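*Asks:* sequence first, predicted coordinates after that:
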Amino acid sequence: MMSRRRRDRGAGSGRTDGARAAPRSTPAAGPARSALGASKVRSRGSRAGGAGGGPRPARQGPRADGPGAAPLGGRSSGGAAGASIAERLMAALERRRSLPESGRTDAVRLFHGMADGIDGLVIEKLASVLIVQMHEGRLTTPESALREPCAALVARAGATAAYRKVFPRARGGEDARLARMHRDATPWIGTPAPPEMIVREESARFAVRPYDGFSTGLFLEQRDNRARVRAGARGLRVLNTFAYTCGFTVAAALGGAAETVSVDASRRYITWGQRNFEVNELSRAGHRFLTADVGDYLRRAGRRGERFDLVILDPPTFGRGPNGETFSFVEHAPRLAAAAIGVLAEGGRLLFSTNHRATPGVALRRMIEQAARGEGRRVEGVESPPLPEDFAGDAAYGATVIARIA
């Protein structure tokens, strides 16, 4: 299976919108923070396409519905009709100002593509750096027309630099020129940033890397889900598959999990996850970090009779492994759900998240229910939490279902 890198679901922190499409393992054959805490019993490969941790693979076909949809009107990628590019960027910044000002986090999505009026453009702020994702085939505004408005945004947002992430139309289409650009310490705008920076979510800390490929190391759309996991993890055994840089594992450990297992096909991301433990001054005792195919791991764990109180699934929409194998959410997700339920303790919870646009929350819930029946189990309670506030306006961008399995 693939590793957990993604290309946006939009772009950014790790998922491209950001790079979610990256190799992952293929499966075997304020937030509601208390949602995960009821049961005491208790590998995410890189997301396809990207460098991981930042942008997830861009979702196909923009859809802006919901209360914050395309607030500035129009579907234009440029400023020919309606507000100018600069006006759109500044308006988006103002809409999100309360989040960084709250002190909860310094990692925020400042501009969310079509939801903010420019399809194919995603901007995230990680501490003092902006990550500007440009998705070819969706963004029609030339880069030259974006530079001045983005420079103004850097200044207004109190940042010191902006780095570009250009996502080719074709999956896996990064050529040598883009590879060099994505690893160049020289920013598109501003002064060079250090190769690693620390961002925070409440008291949690995460290492992000602004020029380490497509992605930066953290998927911001999972911020509230990490808070849910932390709030409900005390005493639980937690399995984090497609773990990427182990953000959910950090949350579980900070929340007092008795044991965690993090599985990802990429040794690089697992090592990054261990670095996140260091950043949070967490002991690794009782926490296992495994470089393995998620499907293979679930099969082995099932045969060994391992059981977890919480299993986290956040697979890519599409990915390629090191030997040319492919992961497709549509094809593999049902088997992945069944395998995950197979290692859940009675009364345990499955947190299943996806940014596959054709799989809304209701379809994800149906998939879990069918998988549970196939395993001789049943669903006894379901929650479908919303995306964080800085992702408002594009209801199809991502879906999460938290299900208790009897």
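*Replies:* Cool, the structure landed. Numbers count the residues shown, from 1 in each chain.

*Asks:* check contacts around Arg104.
*Replies:* Going by Cβ atoms under 8 Å, 6 or more residues apart in numbering, Arg104 touches Glu201, Glu202. All C-beta spots, glycine's among them, are computed from the backbone N, C-alpha and C.

*Asks:* and it, what's its pLDDT?
*Replies:* At Arg104, the model reports a pLDDT of 95.

*Asks:* quick check on it: phi, psi?
*Replies:* For Arg104, the backbone dihedrals (degrees, to the nearest 10) come out as phi -70, psi -30.

*Asks:* tally of neighbours for Thr271?
*Replies:* Using other Cβ atoms under 10 Å, Thr271 has 14 other residues around it.

*Asks:* use 56 as the first number for this chain going forward.
*Replies:* Let's use 56 as the start, then, which means that last one is Thr326.

*Asks:* please state the offset of whichever helix or strand it is part of from the chain centre?
*Replies:* In the assignment (DSSP states H and E), Thr326 maps to helix 322-334. Taking Cα atoms, centre = their mean, to the nearest Å, the mean C-alpha location of helix 322-334 is offset from the chain mean by 16 Å.

*Asks:* what is whichever helix or strand comes after it packed up against?
*Replies:* Counting by DSSP H and E, the element after helix 322-334 in chain order, helix or strand, is strand 342-346. Applying 3 or more Cβ pairs under 8 Å, 6 or more residues apart in numbering; DSSP states H and E, one finds that strand 342-346 makes contact with strand 314-319, helix 322-334.

*Asks:* point out the most buried one among the ones you listed.
*Replies:* strand 314-319 (a mean of 28; mean count of other Cβ atoms under 10 Å).

*Asks:* that one pairs with which strands, and in what direction?
*Replies:* If you go by DSSP bridges, strand 314-319 pairs up with strand 292-296 (parallel), strand 342-346 (parallel).

*Asks:* CSV for the helices and strands packed on strand 342-346, including mean pLDDT and distance to Leu291?
*Replies:* Formatted as CSV, those follow (pLDDT from 0 to 100; distance: least, Cβ to Cβ, whole Å):
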stretch, mean pLDDT, distance to Leu291
strand 314-319, 98, 8
helix 322-334, 98, 17
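
*Asks:* so Val254 belongs to a strand, correct?
*Replies:* Yes - counting by DSSP: H, G, I helix; E, B strand; the rest coil, Val254 is part of a strand.

*Asks:* can you pull up the bridge partners for it?
*Replies:* Beta-bridge partners of Val254, as defined by DSSP bridges: Phe261.

*Asks:* I'd like to know how many residues surround it.
*Replies:* Residues contacting Val254 under the criterion other Cβ under 10 Å number 24.

*Asks:* mind telling me what element Tyr352 is part of?
*Replies:* Assigned by DSSP H and E, Tyr352 belongs to helix 349-359.

*Asks:* okay, now Ala225: neighbour count?
*Replies:* Neighbours of Ala225 under the rule other Cβ under 10 Å: 10.

*Asks:* that one: what's it in contact with?
*Replies:* Ala225 sits next to no residue when contact means Cβ under 8 Å, 6+ apart.
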